[in-house]
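[1] heads up, no residue letters with this:
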DNA sequence: TTCAGTTTTGGTCGACAAGACCAGAACTTT
DNA sequence: AAAGTTCTGGTCTTGTCGACCAAAACTGAA
């Protein structure tokens, strides 16, 4: 921070020694893959304002913790996961009136989990739900406060991070098939990727996926059982898949 | 934001109705090109704590303004520019103890200007300076609070934004030569780019640079006078130059 | 005026990456 | 056994990017 320093002009009608008080909160956008689509964890508000409406989980920051610790605490309270989860800060929101009660500035975090389903089912009945992000983005589900914008920004962020960081690996479990990993990119970017080309991209270079000898059980329609892989060390730094400007085209097309 | 919602577990020893008060400030990292290197605007603190130390400009957020408006106000107070400046929020910082006086959460913005030199010279004497970012990054210049980390994050951000957004155009004036534009990429990324290849990248595609008939005056050592261009519309969306993983190599190499 | 030095600008060439597409392998259910 | 589905390896074409060369256009010095 830094109190205004420059000698001459003082901020008119404003006394730096009496700073305005704000509440600071931390909100967490929790994303996961379900049904080959990107999903979002929401909670139903039990208190005013916006009582009964859907919102993303969050809470007040404590003076003794860092912002990151606060986000981690909120994530653990909401989902039970407290492992070294992928937590990324992506924005701060402080428009006047965004909370009708008082001046609140919130710092928003993005968390990517591989399986929230079980967590949600085991929680306090019907006040938590996993919904497709599309329904939150197009307004089918109305969100409290300015959470609609926060979710939009979070999705923007994860789309960009997908080819800048190894965040894609956080969507899948400790072992996974290449098709599984491919659906992450397809769902987040809204594109169709060629399976063979995708495989080449991640298998050719060392360090992205390491084969476990095992194979996955095929789904309902059968098909050749896919190899099971573990994530390699490269995901810590980058991604093997780059987003291309024109969508990849499929067989029957223009 | 959102008060904690889930029924069962309440945050232990914590009463949501009595939230802790924070001061919220906005800090602006002002970057510009000078002497073919990336520079940073610093101010000298006139009050405790860290009195006499260098810091990035900033100040308290007012309850009636948005975070972006606060950043714009601080930028204008410090440099006098209030045009639609390129202002990007890139992080929030709230570690306990980062300000010894009280609990402060700051939201950091990045501003890119084309020429701060005149502004600095014309301001209140010696309490503002333009320094190379390298000196701030390597510790040659010690910064107040956690501003060293904030500056590091800002530089990281601008490095990434250089090929994701059109931020490079904000570094140059209304008309510029291609060599000028090229030094922006070279200085921020710390690479050497081939002039001919660079030209092709921006000239081939329509919309990046539009030629004004004029030519620039060559520098001291002479050389063919370069064409003067204006920035096209494409800079609003993206960048014509992509960062390559291995540095581009020059003539005499391995 | 000439010359050496410097910068800009246009061109070519090869390496590499990415996408389109095909076909065989391996499993499912009927 | 047959049909359907998915996985996996292969080939081919295309386009992009960087390395490199050379001419053009200007400076200052000899």
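    All right, it came through fine. Since the model is a prediction, treat every value here as computed from it, not as a measurement. Residues are numbered from 1 along each chain as shown, chains lettered A, B, ... in the order given.

[2] and the longest helix for chain A?
    In chain A, assigned by DSSP state H, the helix with the most residues is helix A:147-164.

[3] now do it, average pLDDT.
    Averaging pLDDT along helix A:147-164 gives 97.

[4] how about it, does it reach DNA strand D?
    No. On the criterion C-beta under 7 Å from any atom of the strand, helix A:147-164 is out of touch with DNA strand D, staying 14.5 Å away. In this view, the C-beta of every residue, glycine as well, is placed from N, C-alpha and C.

[5] which parts of that helix are buried?
    A:147, A:148, A:150, A:151, A:153, A:154, A:155, A:157, A:158, A:161, A:162, A:163 (16 or more other C-beta atoms under 10 Å in any protein chain shown).

[6] run through who's touching that helix.
    A:27, A:29, A:31, A:38, A:40, A:55-56, A:88, A:90-91, A:93, A:106, A:108, A:110, A:112, A:133, A:136-137, A:139, A:142-143, A:167-168, A:184-185, A:188-189, A:238-239, A:241-243, B:2, B:160, B:164 (C-beta atoms under 8 Å, 6 or more residues apart in numbering or on different chains).

[7] now with 7 Å?
    Here helix A:147-164 makes contact (C-beta atoms under 7 Å, 6 or more residues apart in numbering or on different chains) with A:27, A:29, A:31, A:40, A:55-56, A:90-91, A:93, A:108, A:110, A:133, A:136-137, A:143, A:167-168, A:185, A:188-189, A:239, A:241-243.

[8] out of the residues you listed, name the ones that lie in helices.
    Secondary structure defined by DSSP H assigns A:133, A:136, A:137, A:185, A:188, A:189 of these to helices.

[9] mind checking which of the contacts of helix A:147-164 are in strands?
    A:27, A:29, A:31, A:40, A:55, A:90, A:91, A:93, A:108, A:110 (DSSP state E).

[10] re earlier: most widely separated two among the ones in helices among the contacts of helix A:147-164?
    A:136 and A:185 (20.5 Å; C-beta to C-beta).

[11] so which of the two has more stuff around it?
    residue A:136 (24 against 20; other C-beta atoms under 10 Å in any protein chain shown).

[12] verify the stated contact: that one with residue A:40.
    Yes. Under the criterion of C-beta atoms under 7 Å, residue A:136 makes contact with residue A:40 at 5.6 Å.

[13] how far away is residue A:136 from DNA strand C?
    Distance of residue A:136 to DNA strand C, computed by C-beta to the nearest atom of the strand, to the nearest Å: 28 Å.

[14] tell me who's in contact with that residue.
    Taking C-beta under 7 Å, 6+ apart as the test, what residue A:136 contacts is A:40, A:143, A:148, A:151.

[15] what's the closest of those residues to chain B?
    Closest approach between the contacts of residue A:136 and chain B, by C-beta to the nearest C-beta: residue A:143, at 9.9 Å.

[16] was I right to think residue A:143 contacts residue A:50?
    No. Residue A:143 lies out of contact with residue A:50 (C-beta under 7 Å); the separation is 8.6 Å.

[17] quick revisit: filter the ones in strands among the contacts of helix A:147-164 by proximity to chain B?
    A:27, A:55, A:91 (C-beta under 7 Å from any C-beta of the partner chain).

[18] how many other residues sit next to residue A:31?
    Residues lying near residue A:31 (other C-beta under 10 Å) number 25.

[19] show me what contacts it?
    Residue A:31 touches A:38, A:40, A:110, A:112, A:158, counting by C-beta under 7 Å, 6+ apart.

[20] now residue A:51: how far from residue A:129?
    Distance of residue A:51 to residue A:129, given as C-beta to C-beta, to the nearest Å: 16 Å.

[21] looking at the ones in strands among the contacts of helix A:147-164, which one is closest to DNA strand D?
    For the ones in strands among the contacts of helix A:147-164, the closest approach to DNA strand D (C-beta to the nearest atom of the strand) belongs to residue A:31, at 22.4 Å.

[22] who does that closest one bridge with?
    residue A:40, residue A:112 (DSSP bridges).

[23] how far away is it from residue A:56?
    Distance from residue A:31 to residue A:56, by C-beta to C-beta: 11 Å.

[24] so how far is stretch A:97-110 from its chain's centroid?
    In this view, stretch A:97-110 has its centroid 19 Å away from the chain centroid, taken as C-alpha atoms, centre = their mean, to the nearest Å.

[25] straight-line length of it, end to end?
    24 Å (C-alpha to C-alpha, to the nearest Å).

[26] still on that earlier bit, between the ones in strands among the contacts of helix A:147-164, which sits nearest residue A:202?
    residue A:31 (21.2 Å).

[27] follow-up on the earlier one: and the longest helix of chain A, does that touch DNA strand C?
    No. Helix A:147-164 lies out of reach of DNA strand C by C-beta under 7 Å from any atom of the strand, never closer than 9.5 Å.

[28] and the angle for that helix with helix B:147-161?
    Counting by axes from the mean of the first three to the mean of the last three C-alpha atoms, to 10 degrees, helix A:147-164 points 70 degrees away from the direction of helix B:147-161.

[29] next, the residue lying closest to residue A:198 once chain neighbours are set aside: secondary structure please.
    In space, and not counting its chain neighbours, residue A:198 is closest to residue A:182: 4.9 Å by C-beta to C-beta, 6 or more residues apart in numbering or on different chains. Recorded secondary structure, residue A:182: helix (DSSP: H, G, I helix; E, B strand; the rest coil).
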